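Visitor: sequence and predicted structure below; questions after.
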2 protein chains.
Amino acid sequence: MAAAAPPPPPTPAPEPNMVPPLKSPTSHPIFSRIRLSTPSDVPFIHKLIHQMAVFEQLTHLFSATESNLSSTLFTSPPFKSFTVFLLEISRSPFPATTSPDFTPFLKTHYFDLPIQDPESYNFTPDMLNDVVVAGFVLFFPNYSSFLAKPGFYIEDIFVREPYRRKGFGSMLLSAVAKQAVKMGYGRVEWVVLDWNVNAIKFYEQMGAQILQEWRVCRLTGDALEAFDQVNMEF
Amino acid sequence: MAAAAPPPPPTPAPEPNMVPPLKSPTSHPIFSRIRLSTPSDVPFIHKLIHQMAVFEQLTHLFSATESNLSSTLFTSPPFKSFTVFLLEISRSPFPATTSPDFTPFLKTHYFDLPIQDPESYNFTPDMLNDVVVAGFVLFFPNYSSFLAKPGFYIEDIFVREPYRRKGFGSMLLSAVAKQAVKMGYGRVEWVVLDWNVNAIKFYEQMGAQILQEWRVCRLTGDALEAFDQVNMEF
């Protein structure tokens, strides 16, 4: 059909700041879902964390195993401790579901080009459909003593390469922020590398303050283990 | 007796780097205890947090109430979520006690001068003895996905003015680090202001790395509340 059709008229040059149409005849609909992860997602979470370590050129710091993830995540009810939201993508709509813990966010996207994902076979929870895991956010409660209120701290937010620059990172961050508001929490916090100007701009556009004066202090490895020998009682 | 005794011989000038004697005839013994806080400690925790806000010149950010602290702390078993260690000081030895959750750290100190604490009446848990609350540390679990291990994040560490520069801050930090090692955790982290060179030097001496490149991002107040209106489903 498309081959027999006459060539389309030349596309007019877009006016500056013109809002693109939500849906055009040539666009490719994609369906996304953000849902709570479960223990059966650990193999995907493990691969996502490893991809993040590769992306950040920090594989020398990566020692997570599926077994360690299984024994340390999912030990508390959702949001009470370490919590993971998964971002899934499909060419078919997701069924609307509800849950007392968290009702998944569903969204339809229209892109001008289909998304090519050469690694989709590694990130498919269910071989019976075309759902692909595309990203995740790992977060847990923190606390502000000045507010006497909990908040959320985002440890990781990651979207796989084929799905970047499409608004999915913003969706994952928004999902955590919305959950914080729902729970009456006072803050959502995370850290960013000071040279990552694109990320900083993106976070500022989302309403975040960048606290320039604070530095993270970390005690780990042998320096931490040494405290086992510190004699506190004499 | 003291008035009738002959004047002591002149004290020899200390040699550089000479280790002071653990106990000298003129020293004042002080006993300290670090223990888990309980709900009945909330009035002291509230006053300590307020003093910290005054010290940091951040009282405009302080909105904690005893009621809010009571409803948000002590909601989980110790170390599973927000946890507070209290530092107490007494002129009498503390009884040795044990607990399945946490056995308090007891220590004896010898100072050349007695500690003057004009506010002790505000920080006395039990009017029947001379125990005074001198400081606290508030911490909770965080998570390293690269290690697939929990850690502890220290939100606050504070010692009241009369008790500073005597090693109590180091004891509070050590207590958290020892607990982290005991639980097999991978990291202890906190933040410091970049201009607080004395604190940075102290933390480095304790074995901490200062991560110079990371910046804290914070979403709070109206900017956070706005996410309640973000439409995630269409």
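Guide: Thanks, I have it. Here the structure is a predicted model, which means the values were calculated and not measured.
Visitor: so after the top strand by length along chain A, what's the next helix or strand?
Guide: Taking DSSP state E as the criterion, chain A has its longest strand at strand A:132-144. Going down the chain from strand A:132-144, the next helix or strand is strand A:149-159, by DSSP states H and E.
Visitor: pull the distance from that next one to the chain's centre.
Guide: Distance, stretch centre to chain centre, for strand A:149-159: 10 Å (Cα atoms, centre = their mean, to the nearest Å).
Visitor: and the direction of the longest strand of chain A versus that of strand B:149-159, what angle?
Guide: If you take axes from the mean of the first three to the mean of the last three Cα atoms, to 10 degrees, strand A:132-144 sits at 20 degrees to strand B:149-159.
Visitor: can you list the strands that strand A:132-144 pairs with?
Guide: strand A:83-90 (antiparallel), strand A:149-159 (antiparallel) (DSSP bridges).
Visitor: check contacts around the residue nearest to A:Leu73 when sequence neighbours are not counted.
Guide: Using Cβ to Cβ, 6 or more residues apart in numbering or on different chains and skipping residues adjacent in sequence, the residue nearest A:Leu73 is A:Phe82, 5.4 Å away. (Glycine included, C-beta is placed from N, CA and C.) Counting by Cβ atoms under 8 Å, 6 or more residues apart in numbering or on different chains, A:Phe82 touches A:72-73, A:75-76, A:138-140, B:141, B:143, B:150.
Visitor: just say which of the strands paired with strand A:132-144 is most tucked in.
Guide: strand A:83-90 (a mean of 23; mean count of other Cβ atoms under 10 Å in any protein chain shown).
Visitor: residues contacting that strand, please?
Guide: By Cβ under 8 Å, 6+ apart, strand A:83-90 touches A:30-37, A:41, A:44-45, A:73, A:94, A:115, A:125, A:129-140, A:159, A:163, A:168, A:171-172, A:175-176.
Visitor: can I have the buried ones of those as a ChimeraX selection?
Guide: Selection of buried members from the contacts of strand A:83-90 for ChimeraX, criterion 16 or more other Cβ atoms under 10 Å in any protein chain shown:
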select /A:30,31,32,33,34,35,36,37,41,44,45,73,94,115,125,131,132,133,134,135,136,137,138,139,140,159,163,168,171,172,175,176
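Visitor: helix, strand, or coil at A:Trp195?
Guide: Judged by DSSP: H, G, I helix; E, B strand; the rest coil, the three-state class of A:Trp195 is coil.
Visitor: what's around the closest residue to it other than its chain neighbours, how many residues?
Guide: Among residues not flanking A:Trp195 along the chain, B:Glu213 sits closest, at 6.9 Å (Cβ to Cβ, 6+ apart). The burial count assigned to B:Glu213 is 12, neighbours taken as other Cβ atoms under 10 Å in any protein chain shown.
Visitor: which helix or which strand is home to A:Val191?
Guide: strand A:187-193.
Visitor: got the CA positions of that strand in CSV?
Guide: Taking Å, rounded to 0.1, in the frame of the first residue of the first chain, the C-alpha atoms of strand A:187-193 are listed here in CSV:
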residue,chain,number,x,y,z
ARG,A,187,12.1,15.2,50.2
VAL,A,188,13.5,13.1,47.3
GLU,A,189,17.3,13.2,47.1
TRP,A,190,20.0,11.7,44.9
VAL,A,191,23.5,12.5,43.7
VAL,A,192,24.9,13.5,40.4
LEU,A,193,28.5,13.9,39.1
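Visitor: check which residues of that strand are buried.
Guide: A:187-192.
Visitor: one more: stretch A:37-55?
Guide: A:37, A:41-42, A:44-49, A:51-53.
Visitor: ok, now stretch A:190-204?
Guide: A:190-192, A:200, A:203.
Visitor: please enumerate the helices of chain A.
Guide: In chain A, the segments counted as helices under DSSP state H are A:42-55, A:66-72, A:168-182, A:197-205, A:221-225.
Visitor: looking at the ones you listed, which is nearest to B:Gly221?
Guide: Comparison of the helices of chain A against B:Gly221 by Cβ to Cβ identifies helix A:168-182 as nearest, at 11.2 Å.
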